[in-house]
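A.B. asks: no sequence on this one, just coordinates:
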């Protein structure tokens, strides 16, 4: 049996600390906010204009429309401004700038990519494929966001990445997203917040409702269920948290893909959106949705979540539901298997599991798929992205953690009709963290969140020591022959 040898491409993506996003910079104490606003209101119109001219001189070259961010951040403190209707527009902009600051998205690291075919394949010669790659960008405070790059894979498996500009743009948040009643209140039950008051609230809502309709229903329900006032207060807090965790964002189509940044929005991801695993999912009717599982982190606990998009312009973030939603590293299969959605997971931070469900948002059961076997995966194993369908079976790229917390990349082959059956695995790593690339933010790590097959070749992007990104290619037939004993 010939062990597959990946071919390095020589491509290396490194963090660029000049790519900065304008974030809100609002002190936690109300008294501080009021003092800052008071100092601004003491300025004359000419003084404010002079300060805005200087601010534009400092920051216009770093952002396409920095004033839009200032206006957005002014809206966050507008309710603190006395006689707000009487102040000038320049004053509003200046106050917004006072509560703004730059954040270097990838100043610490750029790593853990996944890759999917681009929704737009127009204008390419035969045999080429345009792709979108997601990246984990990490900056100050170890806060992670989701960044993107685009490129083209040639007929000869060469890879050309589109050079990104220095600009980055966050999407607009939909202030009034909609929710599915059954799924929303199912999560409330899982969190043990179901009670007489919550049932009254649920019954007053339609099968699909908006955030504004939810807020209105809460006000009405609290007014007519005074005997449950204590239950109502605690449950309302949980409901509002759920409503913030399930959100929608939208990018202007004029913003290039490589300038789009999905930065943490909800409280449960305030310290990062980690390791997005994107997959092109094709439903039974032929429709296509891009899903991405990711880990939301609030600085204390993690929560697996799901992103959905059809065009990489509008994204919907969901909390996943069910008893089997736990730990990191969930990866969705690219189609239903046996009429059910299928997911690879790691329930116990040690072994690989297979999950099946009738709903991509609800996962109740998980069965053990594989335990660590080889020395290089003796501590734990996990997936490196969604399984890839091949004629021989489902190709699952894996990672294994061995002694000295050394991460290597391997592979499994699962049965096409019954993916609970492991047909074979690589006895030795496919990719190891060797010199000099083993050094970085977190040493001795190679890790991927997703690969794809094009023209009979595995295209595998992966992170190096949680710092940079590179690509390798592997002939698919050679890899499958090493995995499948029936091909010997």
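C.D. replies: Yep, it's here. This one's a predicted model, so the numbers in the text were calculated from it and none came from an experiment.
A.B. asks: Disregarding residues adjacent in the polypeptide, which is nearest to residue 182?
C.D. replies: residue 207 (7.4 Å; C-beta to C-beta, 6 or more residues apart in numbering). Where you see a C-beta, it was placed from the backbone N, CA and C, and this is true even at glycine.
A.B. asks: residues contacting the one you found?
C.D. replies: Contacts for residue 207 (C-beta atoms under 8 Å, 6 or more residues apart in numbering) come out as 180-182.
A.B. asks: how close does it sit to residue 287?
C.D. replies: 21 Å (C-beta to C-beta, to the nearest Å).
A.B. asks: likewise residue 129?
C.D. replies: Residue 129 is 20 Å from residue 287, by C-beta to C-beta.
A.B. asks: Over to residue 332?
C.D. replies: From residue 332 to residue 287 the distance is 15 Å (C-beta to C-beta).
A.B. asks: and if you look at residue 337?
C.D. replies: Per C-beta to C-beta, residue 337 is found 17 Å from residue 287.
A.B. asks: Pick out whichever of these two has more residues nearby.
C.D. replies: Using other C-beta atoms under 10 Å as the criterion, residue 337 and residue 287 rank with residue 337 on top: 21 against 9.
A.B. asks: what is that one paired to in the beta sheet?
C.D. replies: residue 340 (DSSP bridges).
A.B. asks: Strands of the stretch 351-488 of the chain, start to end?
C.D. replies: 352-357, 367-370, 380-383, 388-390, 393-402, 406-414, 422-425, 446-447, 452-454, 457-464, 468-475 (DSSP state E, counting those that start in this stretch).
A.B. asks: any idea how far the last one is from the chain center?
C.D. replies: Here the centre of mass of C-alpha atoms in strand 468-475, compared against the chain's by C-alpha atoms, centre = their mean, to the nearest Å, lies 21 Å away.
A.B. asks: Can you name the residues that contact residue 235?
C.D. replies: By C-beta under 8 Å, 6+ apart, the contact set of residue 235 is 188, 193, 195, 197-198, 201.
A.B. asks: if we go to 10 Å?
C.D. replies: 188, 191, 193-195, 197-198, 201, 218, 221-222, 228 (C-beta atoms under 10 Å, 6 or more residues apart in numbering).
A.B. asks: ok, it to residue 249 distance?
C.D. replies: On the measure of C-beta to C-beta, residue 235 and residue 249 end up 27 Å apart.
A.B. asks: what do you get for residue 139?
C.D. replies: Counting by C-beta to C-beta, the gap from residue 139 to residue 249 is 19 Å.
A.B. asks: neighbours around residue 109, how many?
C.D. replies: If we define neighbours as other C-beta under 10 Å, then residue 109 has 25 of them.
A.B. asks: ugh, wrong one, I meant residue 163
C.D. replies: Using other C-beta under 10 Å, residue 163 has 8 neighbouring residues.
A.B. asks: how about it, phi and psi?
C.D. replies: Here is the backbone geometry of residue 163 (degrees, to the nearest 10): phi -70, psi 120.
A.B. asks: you'd agree it is up against residue 149?
C.D. replies: Yes - here residue 163 lies in contact with residue 149, judged by C-beta atoms under 10 Å, at a distance of 9.3 Å.
A.B. asks: Pull up the overlap in contacts between the two.
C.D. replies: With C-beta under 10 Å, 6+ apart as the test, residue 163 and residue 149 both reach residue 258.
A.B. asks: low-confidence ranges in the stretch 201-350 of the chain?
C.D. replies: Residue ranges of the stretch 201-350 of the chain with pLDDT under 70: 224-229.
A.B. asks: just the strands in it please.
C.D. replies: All strands of the stretch 201-350 of the chain, identified by DSSP E, counting those that start in this stretch, fall at 208-210, 247-250, 261-262, 273-282, 288-297, 302-309, 314-319, 331-332, 341-345.
A.B. asks: Quick check: residue 92 vs residue 67, distance?
C.D. replies: Distance, residue 92 to residue 67, by C-beta to C-beta: 10 Å.
A.B. asks: again, but for residue 388
C.D. replies: From residue 388 to residue 67 the distance is 45 Å (C-beta to C-beta).
A.B. asks: And these two? Which one has more around it.
C.D. replies: Neighbours per residue (other C-beta under 10 Å) separate residue 388 from residue 67, with residue 388 holding more: 20 against 17.
A.B. asks: Across the sheet, point out what pairs with the more buried one.
C.D. replies: Applying DSSP bridges, one finds that residue 388 bridges with residue 395.
A.B. asks: Equivalent analysis for residue 281, please.
C.D. replies: residue 289.
A.B. asks: burial count for it?
C.D. replies: 20.
A.B. asks: Great, nothing more from me.
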